[in-house]
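Asks: show me the folded form of this:
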Amino acid sequence: MTTAPKAEQRKLLDLQALDTKLAKLAHQRRTLPVLATLDELAGRGEDVHRAQVEAQTVAADTRRELARAEADVEQVRSRAARHQATLDSGKGLSRELVALQNELQQLAERQSVLEETQLEVMERLEAAESRVAELDAQERAIAADVERHTAERDAAFAEIDADTEATRAAREELAGQIDGELLDIYEQARSRTGGLGVVALHRHRTEGVSIDFTVSELSAIDTAPEDEVLVSDEHGYVLVRLDDGETSGRA
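Replies: Below is the predicted model:
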């Protein structure tokens, strides 16, 4: 049987309050709403970046296509200009001049087709470059949002970390004031239960968590000396008895 003065046992309730606070702070740090926002922004940023790469590729391909279309038009124009110059000079056989005249007509028709193609490519390039600019604007907006929410996250982290450090220091100080054997029982109980090591007990009623005691447990509680350290048979919690009207003071 482990024994400890009532005042020493009650220190476990204060220690539990600090451990509970540390757990809550850790949970708060992991689940800050801004973290979900940053994850969402990261996903959006990746999507926009992929779309931007695709849009830039389309724009680059279209620029090359436009360059080829312009070269085709220029080639036809140059040939037509040479033929026109020959016709204007009047030099050559008449049948040759007639052939040149016919070819000029064909070149004019060819040039018209090529210029329509060139115009269509120019329109597609304009749309592609507009898409690139639009995605650029989206990337900048997302980057600004990330910067703003990162600052918000860092400020929240700093506040939580400061509170955690102060709470941990208080916890270490209090733990150092508790008998080693009693502290071990508390830590073992916390390890078994996943965090809750001690429960305040008012006669047969527990505080914060419901425990259904057996008849034999209730009898043991009623007859145990006040310095005896009680442990719940079923759950493994340390049971700290409080006087009527006394509270654990746990947050």
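
Asks: so which strand or helix has the residue nearest the centre of the chain?
Replies: Against the mean C-alpha coordinate of the chain, by C-alpha atoms, centre = their mean, the closest residue is D39 at 1.8 Å. For D39, the host element (DSSP states H and E) is helix 33-89.

Asks: show me what that helix is packed up against.
Replies: Helices and strands in packing contact with helix 33-89 are listed as helix 94-175; criterion 3 or more C-beta pairs under 8 Å, 6 or more residues apart in numbering; DSSP states H and E. For the C-beta atoms, the positions are set from N, CA and C on the backbone; glycine is no exception.

Asks: packing partners of the helix it packs on?
Replies: Contact here means 3+ C-beta pairs under 8 Å, 6+ apart; on that basis helix 94-175 packs against helix 6-30, helix 33-89.

Asks: any idea how far that helix is from the middle of the chain?
Replies: Relative to the chain's own centre, helix 94-175 is displaced by 22 Å; criterion: C-alpha atoms, centre = their mean, to the nearest Å.

Asks: quick one: mean pLDDT for that helix?
Replies: What helix 94-175 shows for mean pLDDT is 92.

Asks: after it, which helix or strand is next?
Replies: Beyond helix 94-175 in the direction of the C-terminus, DSSP H and E gives the next helix or strand as helix 180-193.

Asks: doesn't L239 belong to a strand?
Replies: Yes. Per DSSP: H, G, I helix; E, B strand; the rest coil, L239 lies within a strand segment.

Asks: which ones are touching it?
Replies: Remark: with contacts taken as C-beta atoms under 8 Å, 6 or more residues apart in numbering, L239 is in contact with V198, V199, L201, T206, I221, L230, V231, S232.

Asks: so which of the residues you listed belong to helices?
Replies: Cross-referencing these with the helices (criterion: DSSP state H) gives I221 as the overlap.

Asks: just the buried ones out of the contacts of L239, please.
Replies: Taking 16 or more other C-beta atoms under 10 Å as the criterion, what is buried in the contacts of L239 is V198, V199, L201, T206, I221, L230, S232.

Asks: might one say that the second one is in contact with G208?
Replies: What that stands for is V199. Yes. V199 sits in contact with G208 when judged by C-beta atoms under 8 Å, with a separation of 6.5 Å.

Asks: who does V231 form a beta bridge with?
Replies: Taking DSSP bridges, one finds V238 as the beta-bridge partners of V231.

Asks: just the pLDDT for it.
Replies: At V231, the pLDDT value in this model is 91.

Asks: chain neighbours aside, what residue packs nearest to I211?
Replies: Here the nearest residue to I211 in space, its sequence neighbours aside, is S232; by C-beta to C-beta, 6 or more residues apart in numbering that works out to 5.9 Å.

Asks: which helix or strand contains D212?
Replies: Remark: D212 resides in no helix or strand, with elements defined by DSSP H and E.
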